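K.L.:
Return a 3D structure for these sequence lines:
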Amino acid sequence: MALYIKRIYEPASEGDGMRILVDRLWPRGLSKERAQLTLWMKEVTPSPALRTWFGHRPERFAEFRARYEAELASLEVQPYLHKLKQWSEKDVVTLLYAARDPKINHAIILKQYIEQLLI
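P.N.:
Numbering: from 1, shown residues only. Take a look at the predicted model:
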């Protein structure tokens with residue numbers, strides 16, 4: 001499996017493979033040309049209410065993880081997650097996020113969740 005995460009503000013590279021934005025909002029100050037996206041997949045992002053509640057506060061990250069994983073378990077999201085897993089089994093897939101903190105963001109949770117999916 002070749003599934004990676006990367007901050008979207010980092011330069012694109014050939015090793016990124018499929019570049020999939022997994023943020024609900026478009027990243028500030030970034031042109032579509034510079035983003036070099038393969039796909040923008042809003043369907044796998046935290047709900048607006050959850051994102052607002054979390055506010056990237058480190059003390060809320062454990063609870064955010066539990067709530068976000070519950071959202072990822074919903075039937076509406078599952079087809080998108082399975083597609084990401086299938087793609088990552090055939091090619092390199094890089095999940096792109098805009099959050100500033102590389103250790104406290106939803107892309108980390110999403111990557112781990114996809115890696116644990118059973119198809």
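K.L.:
ok, Val93 - how many residues close by?
P.N.:
Look at Val93: counted by other C-beta atoms under 10 Å, it has 25 neighbours. Heads up, the C-betas are built off the backbone N, CA and C, glycines and all.
K.L.:
Quick check: it vs Lys42, distance?
P.N.:
Between Val93 and Lys42 the computed distance is 16 Å (C-beta to C-beta, to the nearest Å).
K.L.:
can you check Lys32 too?
P.N.:
15 Å.
K.L.:
What of Gly55?
P.N.:
Plainly put, Gly55 is 19 Å away from Lys42 if you go by C-beta to C-beta.
K.L.:
swap in Arg28?
P.N.:
16 Å.
K.L.:
List of residues touching stretch 13-21?
P.N.:
Stretch 13-21 is contacted from outside by 2, 4, 6, 8, 12, 27, 35-41, 84, 87, 91-97, using C-beta atoms under 8 Å, 6 or more residues apart in numbering.
K.L.:
mind listing which of those residues are in strands?
P.N.:
Members of the contacts of stretch 13-21 lying in strands (criterion: DSSP state E): Tyr4, Lys6, Leu39, Trp40, Val93, Thr94, Leu95, Leu96, Tyr97.
K.L.:
Show me just the buried residues among those residues.
P.N.:
Buried members of those, counted by 16 or more other C-beta atoms under 10 Å: Lys6, Trp40, Val93, Thr94, Leu95, Leu96, Tyr97.
K.L.:
how about this protein, which residue sits the furthest from its center?
P.N.:
Relative to the mean C-alpha coordinate of the chain, counting by C-alpha atoms, centre = their mean, the farthest residue is Glu59 (20.6 Å).
K.L.:
Are we agreed that that one is in a helix?
P.N.:
Yes. Assessed by DSSP: H, G, I helix; E, B strand; the rest coil, Glu59 belongs to a helix.
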